[in-house]
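> Test case, fold it:
(chains A and B)
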Amino acid sequence: MAQFDHLAEKVLRGFASRTSRRSLFSVLGGFLAGAAALPLLPVARAAEGGGRSAEDSKSEIEAPQFSGNPQDPGDRTKCDYWRYCAIDGSLCSCYGGSVITCPPDTEMSPITWIGTCRNPADERNYIISYNDCCGGVAWGRCACQNNRGDRPLVRPQTNNEITWCFGTKSQSYTCTVAIILGTAIEQK
Amino acid sequence: MMYGAAAQTPAGAASAGAATAGAAPAGVGDARRAWQNWTMNCQGCHRVDGTGSAGTAPSLAGTVAKFVRVPGGREYLGRVPGVATSPLSNADLAEVVNWMLWRFDQQHLPSTFQPFTAAEIGQLRAQPLRLEASRMRNDLLRKADESGPP
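All right, here's what the predicted structure looks like:
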């Protein structure tokens, strides 16, 4: 029994010599503070959002968009979609908008650039209005520069590099939509 | 030939139908062609309803036909920069001007109005107005308003 007491005393004295009450409180406090902070980390918030991460949202926005109409073929999130033949900008289809609607929290400019594009489905030319959507954040996503019919900047009304965010609250460019105005008649 | 230019929307297809329906006005051989030339070359700054853009292009709606009611106004319409520097041919340009008068300001168009011809437009556009255009516009509109209702 005396040997057991001696051994216990030796172990406890050794532990006490290597530690202190202050370090114990420090470690314990750090653990408690860390535990409290865990729910605030981004991972926890993503989990609360139904498990959707930023990558999930990006994939969803850039998901292919088809009309479902064989007379209007093509993926509207791709630069080779037929209506984008004379566009110079970013595609609103990749920003939470669509080929004809602006993304949330942006405003469609009333002044636009107009071009004509040939629909591969019926081989007819259509007059397309390229309306800029203004006031949002431009991420540089889905940039598309086709420029059919574009003319040098010395003729500003026929140059599509100009940002047409005039008549809107914000002159900040976000993206561009492509709206069909009608079929075009061929001119000599 | 297809091309592109600044223009204004939306609902252009609907307005195209409205703007080209019915009998073509005097001096307009093809209202659909006139609408298309307007859309592709003028609408960008003047907007689909002709109300214009502040600081860029003045309003045509309810105004443009006043010019042909006062001396010098007809010449102004053929020499104003947006008309004189248009890439359209004289014939197409005369047709668009005649169409604009009918489309945007029938109420002020005199019954005695003689449509613009290609030759007349060609002669006028050879002398384009520059900085004096704005002052001339204001003077002509003041005279038109002083002359009373149509």
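
> which regions of chain B lie under the pLDDT threshold?
The model of chain B has pLDDT under 70 over residues B:1-23, B:149-150.

> gap between B:Arg69 and A:Asn147?
According to Cβ to Cβ, to the nearest Å, B:Arg69 stands 43 Å off from A:Asn147. Glycine gets a C-beta too; all of them are placed from N, C-alpha and C.

> What are the boundaries of the strands in chain B?
B:5-8 (DSSP state E).

> swap in chain A?
Using DSSP E, strands in chain A cover A:88-90, A:107-108, A:111-119, A:124-134, A:143-145, A:173-183.

> What separation is there between A:Ser90 and chain B?
18 Å (Cβ to the nearest Cβ, to the nearest Å).

> Same question for A:Pro64.
Counting by Cβ to the nearest Cβ - A:Pro64 and chain B are separated by 25 Å.

> Pairing partners for the nearest residue to A:Thr163 once chain neighbours are set aside in the sheet, please.
Sequence neighbours aside, A:Tyr173 is the residue nearest to A:Thr163 in space, at 4.5 Å (criterion: Cβ to Cβ, 6 or more residues apart in numbering or on different chains). Counting by DSSP bridges, A:Tyr173 is bridged to A:Cys134.

> ok now do A:Tyr173, which residues does it touch?
A:Gly89, A:Asp132, A:Cys134, A:Ala138, A:Thr163, A:Cys165 (Cβ atoms under 8 Å, 6 or more residues apart in numbering or on different chains).

> May I see the residues you listed organised as a markdown table, with pLDDT and neighbour count added?
Formatted as a markdown table, those follow (pLDDT from 0 to 100; neighbours: other Cβ atoms under 10 Å in any protein chain shown):
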| residue | pLDDT | neighbour count |
| --- | --- | --- |
| A:Gly89 | 91 | 24 |
| A:Asp132 | 92 | 27 |
| A:Cys134 | 95 | 24 |
| A:Ala138 | 79 | 15 |
| A:Thr163 | 71 | 16 |
| A:Cys165 | 87 | 21 |
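
> which residue sits closest to B:Trp99, ignoring its sequence neighbours?
B:Trp99 sits nearest to B:Ala34 (Cβ to Cβ, 6+ apart), 3.7 Å away.

> Check the burial of that neighbour by counting its neighbours.
When neighbours are counted by other Cβ atoms under 10 Å in any protein chain shown, B:Ala34 registers 26.

> That one contacts B:Val96, doesn't it?
Yes. Taking Cβ atoms under 8 Å as the definition, B:Ala34 is a contact partner of B:Val96 at 5.4 Å.

> got a list of what B:Met100 touches?
Neighbours of B:Met100 in contact, by Cβ under 8 Å, 6+ apart: B:Trp38, B:Cys42, B:Gly50, B:Leu60, B:Val64.

> quick one: the third one and A:Pro103, what's the gap?
Which is B:Gly50. Counting by Cβ to Cβ - B:Gly50 and A:Pro103 are separated by 29 Å.

> Equivalent analysis for the first one, please.
Between B:Trp38 and A:Pro103 the distance, using Cβ to Cβ, works out to 30 Å.

> which stretches of chain A have low pLDDT?
A:1-4, A:6-8, A:10-62, A:148-162, A:187-188.

> What are the boundaries of the helices in it?
In chain A, the segments counted as helices under DSSP state H are A:2-18, A:21-37, A:42-48, A:54-61.

> next one: chain B
Under DSSP H, chain B gives helices at B:12-20, B:31-41, B:43-46, B:73-79, B:81-84, B:90-104, B:118-125, B:132-146.

> closest to A:Thr112 out of those helices?
helix B:43-46 (6.8 Å; Cβ to Cβ).

> which other helices and strands contact the closest one?
Using 3 or more Cβ pairs under 8 Å, 6 or more residues apart in numbering or on different chains; DSSP states H and E, the elements in contact with helix B:43-46 are strand A:111-119, strand B:5-8.

> so who does the nearest residue to A:Cys94 once chain neighbours are set aside touch?
Once flanking residues are discounted, A:Cys94 sits nearest to A:Cys142: 3.6 Å by Cβ to Cβ, 6+ apart. A:Cys142 sits next to A:Glu62, A:Thr77, A:Cys79, A:Ser90, A:Leu91, A:Ser93, A:Cys94, A:Tyr95, A:Cys175 when contact means Cβ under 8 Å, 6+ apart.
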